[in-house]
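Asks: have a look; sequence and predicted model below, questions after that.
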Amino acid sequence: VKLEEASLAESVRGDFPILSQFISQSSEGEPKPLIYFDSAATSQKPSQVIDALSSYYNTINSNVHRGAHTLSQRATSKYEAARDSIAKFINANSRNEIVFTSGATEAINLIASTYGR
């Protein structure tokens, strides 16, 4: 793919295995590529995320910040390394400025509940 001639969507589409599917046929009889617009309900995952999750579940699946055993310590180290990486990427002062939530609704509710304090 020549990035200078492709849109962002076209250049990253191959990273999402689920989008390699074709659905129905066009009026010309050709299959149409799957397009997914319901991202508010479920976001599709690129191969890199699927691989990282698989690696986590296969090697260090454990509670973060909740155990003294080896797997918990390894999971906590990876978790904090992710916070460090994101802090650096967005130029935050420290990892303590990075808070993970389960989604947009939880994030908005967290901000709203602490805004007036």
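Replies: Done, it's in.

Asks: got the contact list for the residue lying closest to P46 once chain neighbours are set aside?
Replies: Residue nearest to P46 in three dimensions, not counting chain neighbours: D15, with 3.9 Å by C-beta to C-beta, 6 or more residues apart in numbering. Where C-beta positions appear, they are placed from N, C-alpha and C, glycine not excepted. With contact set as C-beta atoms under 8 Å, 6 or more residues apart in numbering, D15 has these partners: P46, S47, Q48.

Asks: now name the helix or strand holding N91.
Replies: According to DSSP states H and E, N91 maps onto no helix or strand at all.

Asks: around it, how many other residues sit close by?
Replies: Per other C-beta atoms under 10 Å, the neighbour tally for N91 reads 6.

Asks: H65 and Q73 touch, don't they?
Replies: No: taking contacts as C-beta atoms under 8 Å, H65 lies outside contact range of Q73: 9.9 Å.

Asks: show the pLDDT at the residue nearest to P46.
Replies: pLDDT recorded at D15 is 95.

Asks: and what of A6?
Replies: Here the pLDDT value assigned to A6 is 63.
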